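S.K.: after the sequence you'll find the predicted model.
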Amino acid sequence: MKHLLSTQDLSKDEAVTVLDTAAQMAATQSREIKKLPTLRGRTVVNLFFEDSTRTRISFETAAKRLSADVINFSAKGSSVSKGESLKDTALTLHAMGADAVVVRHWASGAPHQLAYSGWLGGGDDHVAVLNAGDGTHQHPTQALLDAFTMRRHLVGRVGGAPDDGVGSDLAGVKVAIVGDVLHSRVARSNVHLLRTLGADVELVAPPTLLPVGVETWPCTTSYDLDETLARRQPDAVMMLRVQRERMSGGAGAFFPSPLEYTRRYGLDARRLAMLPSHSIVMHPGPMNRGLEISAEAADSPGSVIVEQVANGVAVRMAALYLLLAGTSAEGSVQ
Ligand code: CP
């Protein structure tokens with residue numbers, strides 16, 4: 001891998017390698033050897049044109065635990081607010097010796113543009129680009145941490161593989177992804193990665209929050225959450241944030257109304273009781289508690305939402321390691 005831009009670029013072997021490497025990284029963290037020397041002398045730039053809590057902090061933590069130098073760049077407070085282009089920003093970062101750029105951008109395709117424009121060098125001199133979320137397009141490390149979390153909880157129960165899941169895919173795992181699919185880069189990334197790993201995915205959403213062309217995605221779709229829960233008995237239910245800020249007509253202008261949405265698509269105690277006892281409840285965050293998920297569901301024993309955040313660090317350590325450590329890194333993962 002030269003870059004991590006989309007889960008659609010990952011083969012099954014590559015995806016399993018990232019998950020297995022993340023398992024090794026997680027093991028080093030649980031052994032309290034918090035810092036590895038692997039990326040000493042390398043520079044990782046976090047280039048964020050959109051707000052983030054989890055992804056930005058997680059990438060920063062991951063890079064620091066691999067001993068990389070980290071530069072945090074936020075569009076707010078930078079020369080971007082004076083009109084500087086993505087190209088000139090990239091040329092500046094390259095001139096400063098960045099080895100990897102983690103980019104979140106409101107424009108779908110911006111990470112691809114950075115990776116292949118030549119603005120960040122090329123050939124042996126190339127800077128690795130990691131997509132931290134672009135528009136409504138992709139958020140590959142989120143999908144990888146979601147798959148990592150599913151593997152830890154479900155493989156062995158559902159698929160008959162070893163308890164820690166190392167080396168295994170997600171064959172036989174049934175996943176329901178529920179809510180605002182239209183605006184969700186998390187849903188897009190997950191559908192493709194989970195399918196690559198052999199899971200069986202159903203999207204559940206009101207027709208107004210499903211994208212045009214969803215019938216070509218490698219999954220099934222439903223408009224009825226109660227029916228999906230009863231029929232499929234999913235092993236994992238992933239609730240999506242309603243992205244009111246991306247809806248035209250201003251915040252709050254979406255159909256169905258918030259009250260109707262919660263009634264038909266919210267995960268609450270009644271729907272929680274419809275799930276098999278081993279099922280896990282997931283959400284990429286940030287949550288709209290009381291809209292797509294009740295506090296009771298978010299804080300239930302089956303909820304792995306906080307664990308998803310913790311797993312994100314191991315997965316991002318793995319991604320940085322695999323992209324950067326092949327050249328001149330010191331040390332290795334024990
Ligand atoms: N899941 C996720 O991308 O969260 P942040 O927007 O806080 O990074």
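M.R.: Looks like it came in fine.
S.K.: now the helices for the stretch 51-200 of the chain?
M.R.: 54-65, 86-95, 110-116, 140-154, 185-196 (DSSP state H, counting those that start in this stretch).
S.K.: mind putting those into a markdown table with mean neighbour count and mean pLDDT?
M.R.: Any C-beta I mention is one placed from the backbone N, CA and C, and that applies to glycine too. Shown next, in a markdown table, are the helices of the stretch 51-200 of the chain (neighbours: other CB atoms under 10 Å; pLDDT from 0 to 100):
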| stretch | mean neighbour count | mean pLDDT |
| --- | --- | --- |
| helix 54-65 | 21 | 97 |
| helix 86-95 | 17 | 92 |
| helix 110-116 | 21 | 96 |
| helix 140-154 | 26 | 97 |
| helix 185-196 | 25 | 98 |
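S.K.: out of those, which is closest to the ligand?
M.R.: Nearest to the ligand, of all these, is helix 54-65, at 3.2 Å by CB to the nearest ligand atom.
S.K.: how about the residues of the stretch 151-300 of the chain near the ligand?
M.R.: Along the stretch 151-300 of the chain, the residues adjacent to the ligand under the rule CB under 6 Å from any ligand atom are Pro284, Gly285, Pro286.
S.K.: so the second one touches Thr55, yeah?
M.R.: No - between Gly285 and Thr55 there is no contact, the gap being 9.5 Å when judged by CB atoms under 8 Å.
S.K.: rewinding a little: write the ChimeraX selection for whichever of the residues of the stretch 151-300 of the chain next to the ligand are buried.
M.R.: To isolate the buried ones among those in ChimeraX, judged by 16 or more other CB atoms under 10 Å, type:
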select :284,285
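S.K.: redo the residues of the stretch 151-300 of the chain next to the ligand as TSV? Include secondary structure.
M.R.: Conversion of these to TSV gives the following (DSSP: H, G, I helix; E, B strand; the rest coil):
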residue	secondary structure
Pro284	coil
Gly285	coil
Pro286	coil
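S.K.: please name the residues that touch the residue nearest in space to the middle of the chain.
M.R.: Closest residue to the average C-alpha location of the chain: Gln142 at 0.9 Å, with CA atoms, centre = their mean. Each residue near Gln142 by CB atoms under 8 Å, 6 or more residues apart in numbering is listed here: Thr55, Gly133, Arg185, Val186, Ser189, Asn190, Pro284, Gly312.
S.K.: 10 Å instead?
M.R.: Gln142 sits next to 7, 54-55, 58, 131-133, 185-186, 189-190, 193, 284-285, 308, 312, 315 when contact means CB atoms under 10 Å, 6 or more residues apart in numbering.
S.K.: ok, it to Trp217 distance?
M.R.: Going from Gln142 to Trp217 by CB to CB, to the nearest Å gives 17 Å.
S.K.: ok, now Asp134?
M.R.: As judged by CB to CB, Asp134 and Trp217 stand 18 Å apart.
S.K.: just Thr7 next, same as before
M.R.: For Thr7, the distance to Trp217 (CB to CB) stands at 12 Å.
S.K.: more crowded one of those two?
M.R.: When Thr7 is set against Trp217 and neighbours are counted by other CB atoms under 10 Å, the residue ahead is Thr7, at 26 against 18.
S.K.: hang on, the more buried one packs against Ala15?
M.R.: Yes - contact criterion CB atoms under 10 Å: Thr7 and Ala15 qualify, at 7.6 Å.
S.K.: doesn't Pro206 make contact with Glu260?
M.R.: Yes - with contact defined as CB under 10 Å, Glu260 and Pro206 form a contacting pair (8.7 Å).
S.K.: more crowded one of those two?
M.R.: For Glu260 versus Pro206, neighbours defined as other CB under 10 Å are more numerous around Pro206 (19 against 11).
S.K.: look at the residue lying closest to the more buried one once chain neighbours are set aside and give its secondary structure.
M.R.: Nearest non-adjacent residue to Pro206, counting by CB to CB, 6 or more residues apart in numbering: Pro256, 5.8 Å away. On the three-state scheme (three-state DSSP), Pro256 is labelled coil.
S.K.: same thing with Ser277?
M.R.: Note that with three-state DSSP, the state of Ser277 is coil.
S.K.: could you check how far it is from the ligand?
M.R.: From Ser277 across to the ligand, the span is 27 Å (CB to the nearest ligand atom, to the nearest Å).
S.K.: what about that residue, neighbour count?
M.R.: Neighbour count for Ser277, taken as other CB under 10 Å: 6.
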